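J.: Structure of the sequence below:
(chains A and B)
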Amino acid sequence: MGEMIKMVVVLTILSVISGGGLKGLEEWAKPRIENNVMNLVKGPAIRQMLKTADNDPVKDRFKITEGEKERNIFVGVFGGAADTVVVEASANGYGDKVGMVVAINMADETLRGVAVTTSKETPGLGARAKDDPSFVAQFAGKPITDSFGVTADGGQINALSGATITSRAVCTGVNQAVETYQRLKPQLEEQIKGMGK
Amino acid sequence: MAKSIAYEFTKGLWKEVPPFRLVLGLCPTLGVTTSLKNGIGMGLATTFVLLCSNVLVSLLRNVIPAKVRIACFIIIIATFVIVVEQMMQAFAYSLFQDLGVFIPLIVVNCIVLGRAEAFASKNGVVKSTADGLGIGIGFTWALALLGVVRELIGTGSLKGDVFGLIHWDIPNIFGASFEPFGFAVQAPGAFVILGLLLCAMNLIPSK
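T.: From the prediction side, this is the model:
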C-alpha cells in the first residue's frame, strides 16, 4: 500500500512541476514565437496570396477583439480601394491544427485566396495542402455564400489524394473564416474605411 | 570495476557512438540528415535533452519507484523536449521548420530513454553528466558526418548556419560541371549512405 501511494505521489509531483514549468516557458516564449511565425510564415504566405496588392498587407494589419479572442486582420488594397481582408482560421487536421489565412474580397464577397500557414501534416500527403499551390487555388474566386466541402462529402473542392482529413480541415477552416468575416463585417468596414488612399 | 569519468565521457565519442556502433536512434539519423545544418541542429537538440534528462534522472534515481520508473523518465524527457521545441521556435525558427516533426520525436528516441534506463538510473550525477554529454556529442558528429556526405553528393555545395552564430557557404565543391546526385538527399539515399558509413566504421577497429 505504501509503495502504491509513493508511486502516485512521485508521478503527481513530477507531472505538476513539469506542467507548471512548461506553462511558464510557454508564456515567455509565446510572443517571440508569434513574432517569428508572423515574419517567416504568415507574412510571406499573405504577401504571396495578395501579390498584386498596392500595399503591404502585413504592415497594414490591425487587431479586433472578439470576446476573449484577439484576431489579426490583414488588409489588402487593390486599385486604390481597401476591399480585401485576410482572416486567420484553424481547424483540426490529421496531426494537430492546420492554420490558414483566408483572403476575402469584400466588394463582391468572393474568396481572393487561401493559404495554409502552420501545419504538422504528413509530409507528401497532408503537407501538400501547404506545398502544392493547385489545391488551395481551387478556393480562389469562389463566392463566400457557398459552404465549402470536399467532393466526397458533396462539396466542390477536390480533396488531395490520400489526405482527405487535411482537405476537410482546410474546408472547415475556410468556412470558419467566412463565418468570422460575416460576424465582424460591420466592424471591419468601419476599420478599413480610411485605408487605401 | 569502477570506470573513470573520463571513460564515461569518451566512450560515446567513438567506441559507442550511437548510430554507427550501436545502430540506435536511426529515425532522426535517417530523417533529418539531408544537410550538415540539419544534422548539427538535431544533434545539439538531442544532446541538450540527453544531458538534462540524464542529470535529472540521476538526481531522482533514489526517489523514483522502480515500477513507474519508465513513466517518470518519459515525463522528464518530454518536458525537456518541449523546452527545446519552444526555444527553437523562439530563437531558430527556420531550423524548427526544417526539423519539424522530428523535434517532438526526440521523446521516443531510444538513445535518450536508453541512457536514462541503462545508465543514469544506476550512476551518480557526475558520471551521468559525462555519459550524456559524450553520447550526445557522438550522436551530433555522426549526424553531421551523414549530413555532410548527403549534402555534398546531393547538392554539390555546403550552406547553412548554427543558430545564426557560425555560417558556412561553400558552393560547387566539385566544380561547376558537377551534376547533383539528388538520390543522396532522398530517403532511400539515407539508407545507402548510412550503410556505406557503417561499413567504413567497421573497417576501423573500435578498441
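J.: CA atoms for contacts and neighbours, from now on please.
T.: Noted.
J.: Get me the contact residues on chain B for chain A.
T.: B:63-65, B:67-68, B:71-72, B:75-76, B:79, B:82-83, B:86-87, B:89-91, B:93-94, B:100-101 (CA under 8 Å from any CA of the partner chain).
J.: which of the residues you listed count as buried?
T.: B:64-65, B:72, B:75-76, B:79, B:82-83, B:86-87, B:89-91, B:93-94, B:100-101 (16 or more other CA atoms under 10 Å in any protein chain shown).
J.: how about the residue of chain A found nearest chain B, what does it touch?
T.: With distances taken as CA to the nearest CA, chain A approaches chain B most closely at residue A:33, which sits 4.7 Å away. Residue A:33 makes contacts with B:86, B:89, B:90, B:93, as judged by CA atoms under 8 Å, 6 or more residues apart in numbering or on different chains.
J.: And the residues you listed, which is closest to chain A?
T.: Distance to chain A across the contacts of residue A:33 (CA to the nearest CA) is lowest for residue B:90, with 4.7 Å.
J.: what helix or strand is the spatially closest residue to the closest one that is not a sequence neighbour on?
T.: Spatially, and ignoring its direct neighbours in sequence, residue B:90 is nearest to residue A:33 (4.7 Å; CA to CA, 6 or more residues apart in numbering or on different chains). Secondary structure assigned from DSSP states H and E places residue A:33 in helix A:2-37.
J.: Now do that helix: distance to the chain's middle.
T.: A distance of 27 Å separates the centroid of the chain from that of helix A:2-37, by CA atoms, centre = their mean, to the nearest Å.
J.: buried ones in it?
T.: Of the residues in helix A:2-37, those buried under the neighbour-count criterion (16+ other CA under 10 Å) are A:7, A:10-11, A:14-15, A:18, A:22, A:26, A:29, A:32-33, A:36-37.
J.: what would these look like in TSV with pLDDT?
T.: As requested, these are arranged in TSV below (pLDDT from 0 to 100):
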residue	pLDDT
A:7	91
A:10	92
A:11	93
A:14	94
A:15	95
A:18	95
A:22	95
A:26	93
A:29	93
A:32	92
A:33	90
A:36	88
A:37	86
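J.: who does the lengthiest strand in chain A pair up with?
T.: Ranked by residue count and defined by DSSP state E, the top strand of chain A is strand A:81-92. When pairs are called by DSSP bridges, strand A:81-92 turns out to pair with strand A:69-78 (antiparallel), strand A:97-105 (antiparallel).
J.: before we move on, what SS does the closest residue to residue B:183 other than its chain neighbours have?
T.: Spatial nearest neighbour of residue B:183, chain neighbours left out: residue B:189 (5.3 Å); criterion: CA to CA, 6+ apart. Look at residue B:189: counting by DSSP: H, G, I helix; E, B strand; the rest coil, its state is helix.
J.: now residue B:189: how far from residue B:182?
T.: Here residue B:189 is placed at a distance of 9 Å from residue B:182 (CA to CA, to the nearest Å).
J.: For these two, indicate the residue with more neighbours.
T.: When residue B:189 and residue B:182 are compared for neighbours, residue B:189 comes out ahead with 18 against 14, by other CA atoms under 10 Å in any protein chain shown.
J.: Could you say which helix or strand holds the residue of chain B most remote from its centre?
T.: Outermost residue of chain B with respect to the C-alpha centroid, by CA atoms, centre = their mean, is residue B:177; its distance is 33.8 Å. Assigning secondary structure by DSSP H and E places residue B:177 outside every helix and strand.
J.: which residues sit in contact with the nearest residue to residue A:166 once chain neighbours are set aside?
T.: Of all residues beyond its chain neighbours, the one nearest residue A:166 is residue A:93 (5.0 Å), with distances taken as CA to CA, 6+ apart. Neighbour list for residue A:93: A:121, A:165, A:166, A:168, A:169 [criterion: CA under 8 Å, 6+ apart].
J.: Correct me if wrong: the last one contacts residue A:99.
T.: No: distance between residue A:169 and residue A:99: 9.3 Å, which falls outside the contact criterion (CA atoms under 8 Å).
J.: what touches both of the two?
T.: The contact sets of residue A:169 and residue A:99 overlap at A:90, A:91 (CA under 8 Å, 6+ apart).
J.: give me phi/psi at the closest residue to residue B:110 other than its chain neighbours?
T.: Across the structure, with CA to CA, 6+ apart as the measure, the residue nearest residue B:110 apart from its sequence neighbours is residue B:25 (5.9 Å). Torsion angles at residue B:25 (phi, psi; degrees, to the nearest 10) stand at phi 70, psi 40.
J.: got the phi/psi numbers for residue A:148?
T.: Comment: the main-chain dihedrals of residue A:148 come out as phi -90, psi 140, following degrees, to the nearest 10.
J.: correct me, but it touches residue A:158?
T.: No: contact criterion CA under 8 Å: residue A:148 and residue A:158 do not qualify, at 10.7 Å.
J.: Let me know the helix or strand that residue A:57 is in.
T.: Here residue A:57 is covered by no helix or strand, with elements defined by DSSP H and E.
J.: Give me the neighbour count for it.
T.: For residue A:57, the count of nearby residues is 22 (other CA under 10 Å).
J.: close enough to count as contact, it and residue A:78?
T.: No: in this structure residue A:57 lies outside contact range of residue A:78 using CA under 8 Å: 10.7 Å.
J.: quick revisit: any figure for the gap between the residue nearest to residue B:183 and residue B:69?
T.: The value you get for residue B:189 to residue B:69, if CA to CA is used, is 38 Å.
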